[in-house]
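J.: Sequence and predicted structure are below.
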Amino acid sequence: MGEWIVFIDSDDVIGADYLRNFNIDEYPNKDLYLIKGFEKGGDKKIFFSNAPTDLITVEDAITGLIGVNGLCLAVWGKMFKKTILNKYKIRFVDKLSFCEDLIFCFNYFKHINTVYVSDDCSYYYRQIENSLSNKIIDYRTVYKALKLHSIDYIYFQERYSDNFIINNYFASFILASGVLRIIEQIMNEVSISVKEKKKIIADCRKLIKQVVSPSKYIKLPIKQEIKLFAIMHLPYSGLELLYKMK
């Protein structure tokens, strides 16, 4: 029933030649096909990743797609080989609504060798006000995603130990930002007991210490860096005071 799988978000639109523009006929038998651009609906702005066009390495694909426009966060804009998905049982995690695309993509990246990148931009991304990406996600879901994501982080840290962009992206944008999101939510939630909050904070601290190497600098906006430092070092009473000082 077909050799390739593509994903299109329900809010989005594709051009008439979207599938053809992956150039699979011209460059057959690759493990992954990417388009490096997309148009953001509404403002008509076109975004391109930093990935070079044509045949590239897996490391170059990851490096070129993360950071500025975050294409690696999404499963759209990619054509996945069905045999690889089935062989390694790569599926979306059930009921996970935070970082699910990222976890899926990086599970796939672990098992591929050849990548082709097209300079196409016939994917039209639309962000709807009431879409899932704009809804508040429960802290337990975020923590579950971070736990799964940490496995990928450790794997790619070992595989590409000298690639600062990959390692810093994993550490700061995903792990640190996720932890900040969790703590922000629980500290303002009166239905969660102080005892449970302390446990959640301890779990987050443990996760960061397990994953983030001291040699890797987590570069975040200054306010976020201050909060992350506070989460890692302040007692609960200090954190409580910090989050009351909005």
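T.: Received the coordinates, thanks. Note that the coordinates shown come from a computational prediction; the quantities given were computed from them, not determined experimentally.
J.: For the helix or strand harbouring Cys204, C-alpha coordinates in CSV please.
T.: Following DSSP states H and E, one finds Cys204 within helix 194-211. The C-alpha coordinates for helix 194-211 follow below in CSV (Å, rounded to 0.1, in the frame of the first residue of the first chain):
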residue,chain,number,x,y,z
VAL,A,194,3.3,21.3,48.5
LYS,A,195,4.5,17.8,49.0
GLU,A,196,3.7,16.9,45.4
LYS,A,197,5.2,20.1,44.1
LYS,A,198,8.5,19.4,45.9
LYS,A,199,8.6,15.9,44.4
ILE,A,200,8.0,17.3,40.9
ILE,A,201,10.7,19.8,41.4
ALA,A,202,13.1,17.1,42.6
ASP,A,203,12.3,14.9,39.6
CYS,A,204,12.9,17.8,37.2
ARG,A,205,16.3,18.6,38.9
LYS,A,206,17.3,14.9,38.6
LEU,A,207,16.4,14.9,34.9
ILE,A,208,18.4,17.9,34.1
LYS,A,209,21.4,16.7,36.0
GLN,A,210,21.2,13.3,34.3
VAL,A,211,21.0,14.8,30.8
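J.: Next secondary structure after the worst-scoring helix or strand of the chain on mean pLDDT?
T.: Across the helices and strands of the chain, the lowest-confidence element by mean pLDDT, DSSP states H and E is helix 164-168, at a mean of 76. Moving toward the C-terminus from helix 164-168, the next helix or strand (DSSP H and E) is helix 177-187.
J.: What segments of this protein are strands?
T.: Counting by DSSP state E, the chain has strands at residues 4-6, 13-14, 32-35, 37-40, 45-48, 54-56, 78-81, 115-118, 123-125.
J.: re earlier: enumerate the positions of the helix holding Cys204 that are buried.
T.: Within helix 194-211, the residues that count as buried by 16 or more other C-beta atoms under 10 Å are 197, 200-201, 204, 207-208, 211. All C-beta spots, glycine's among them, are computed from the backbone N, C-alpha and C.
J.: tilt between that helix and helix 177-187?
T.: Angle, helix 194-211 to helix 177-187, by axes from the mean of the first three to the mean of the last three C-alpha atoms, to 10 degrees: 170 degrees.
J.: Thr83: what's it in contact with?
T.: Going by C-beta atoms under 8 Å, 6 or more residues apart in numbering, Thr83 touches Glu3.
J.: per-residue confidence for it?
T.: As predicted, Thr83 sits at a pLDDT of 97.
J.: and Asp120, how many residues sit next to it?
T.: 20 (other C-beta atoms under 10 Å).
J.: if we can go back for a sec, let's test this: mean pLDDT of the helix holding Cys204, rounded?
T.: Average pLDDT, helix 194-211: 90.
J.: before we move on, the earlier item: of the strands of the chain, which shows the lowest average pLDDT?
T.: strand 45-48 (a mean of 82).
J.: so Ile112 touches Val58, yeah?
T.: Yes - the criterion here is C-beta atoms under 8 Å, and Ile112 meets it with Val58 at 6.0 Å.
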